[in-house]
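Asks: Sharing a sequence plus its predicted fold:
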Amino acid sequence: MIANVSLMKPGDFDRWMESAYFYMISDFIVAVTLSETTFAQEVAERYMKSDLDLVQSAGLSTYEWLLGSRL
């Protein structure tokens with residue numbers, strides 16, 4: 001997957017999550033890319049409140065990538 005993170009908006013990540021059918025997509029493609037944005041924490045918190053395990057997992061993975069990139 002190729003993405004220009006600087007052009008992406010939260011809605012773009014929401015569309016990615018809607019089409020994610022496997023944890024490798026949500027936790028590595030969506031979360032890693034999302035962690036490179038300025039709005040990552042806001043979206044991750046929203047994802048963690050979801051009723052869907054796959055979406056919650058993406059939110060938690062985003063936080064992990066955020067923490068790892070700041071150490």
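Replies: Cool, the structure landed. The shown structure was predicted, so the numbers you read here are calculated from the model rather than taken from an experiment.

Asks: Could you give the average pLDDT over stretch 56-70?
Replies: For stretch 56-70, mean pLDDT is 92.

Asks: for the most centrally placed residue in the chain, what are its contacts?
Replies: Nearest to the geometric centre of the chain sits residue 31, at 3.2 Å (CA atoms, centre = their mean). With contact taken as CB atoms under 8 Å, 6 or more residues apart in numbering, residue 31 is in contact with 44, 58-59, 61-62, 64-65. Placement of C-beta: from N, CA and C, glycine included.

Asks: I'd like those laid out as JSON lines, including neighbour count and secondary structure.
Replies: JSON lines is the format used below for the contacts of residue 31 (neighbours: other CB atoms under 10 Å; DSSP: H, G, I helix; E, B strand; the rest coil):
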{"residue": "44", "neighbour count": "22", "secondary structure": "helix"}
{"residue": "58", "neighbour count": "28", "secondary structure": "helix"}
{"residue": "59", "neighbour count": "25", "secondary structure": "helix"}
{"residue": "61", "neighbour count": "21", "secondary structure": "helix"}
{"residue": "62", "neighbour count": "27", "secondary structure": "helix"}
{"residue": "64", "neighbour count": "15", "secondary structure": "helix"}
{"residue": "65", "neighbour count": "20", "secondary structure": "helix"}
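
Asks: Output the below-cut-off pLDDT ranges for this structure.
Replies: Within the chain, the stretches with pLDDT under 70 are 71.

Asks: What segments of it are helices?
Replies: Ranges of helices in the chain, per DSSP state H, are 10-19, 23-24, 31-34, 40-48, 53-70.

Asks: can you tell me which of these comes nearest to residue 2?
Replies: helix 31-34 (10.2 Å; CB to CB).

Asks: nearest to residue 52, of the contacts of residue 31?
Replies: residue 58 (9.4 Å).
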